[in-house]
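S.K.: Sequence and predicted structure, then a few things I'm wondering about:
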Amino acid sequence: MALHIAAAPGNLAAAIAKDSFEVPGFTQAEAKNRQEILDTFSKSHETVKGTLKKMDDAKLMAMWSLTKNGKVLMSVPRVGFIRSILMNHMYHHRGQLSVYLRILDVPVPSIYGPSADENPFV
């Protein structure tokens, strides 16, 4: 899950750079170690920043399509896809990861401020 969260933004940025994108087969290898996750996250976010810097308002408002076997599954303004998938979908996965951490009895880090596992008065 952590490697997916790290890689997905960059992969999605590559998808929105085009006017349409063919759904790939989704497979995610397990991370070999923590450093791989961190390196993937850094590279992914550099890709996102580089892609978004190249987009003006017209490009963001232009229609973007997701296809499978050449059939259009959805067409939305590119900015709508960015909001719903690039952002909201990632929030969802971060929530999943925090639940997994809790189940494994690993302290949950700050996501939107201190977690229940952090004492802000220490």
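M.R.: Right, received. Where do you want to start?
S.K.: what's near enough to touch residue 48?
M.R.: Taking Cβ atoms under 8 Å, 6 or more residues apart in numbering as the definition of contact, the neighbours of residue 48 are 9, 10, 12, 13, 86. Backbone N, C-alpha and C define where each C-beta goes, glycine included.
S.K.: is it possible to export those to TSV including neighbour count and secondary structure?
M.R.: TSV is the format used below for the contacts of residue 48 (neighbours: other Cβ atoms under 10 Å; DSSP: H, G, I helix; E, B strand; the rest coil):
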residue	neighbour count	secondary structure
9	22	helix
10	21	helix
12	22	helix
13	21	helix
86	20	helix
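S.K.: Can you pick out the most distant pair from those?
M.R.: Between any two of the contacts of residue 48, the greatest separation by Cβ to Cβ is 10.2 Å, found for 10 and 86.
S.K.: ok, back up a step: as TSV, the contacts of residue 48 with distance to residue 54 would be great.
M.R.: Rendered in TSV, the data for the contacts of residue 48 read as follows (distance: Cβ to Cβ, whole Å):
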residue	distance to residue 54
9	16
10	14
12	15
13	10
86	15
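S.K.: Out of the residues you listed, which is nearest to residue 71?
M.R.: Within the contacts of residue 48, the smallest distance to residue 71 is 20.4 Å, found for residue 12 (Cβ to Cβ).
S.K.: Can you tell me the closest non-neighbouring residue to residue 43?
M.R.: Nearest in space to residue 43, with sequence neighbours left out and distances taken as Cβ to Cβ, 6 or more residues apart in numbering, is residue 10 at 6.3 Å.
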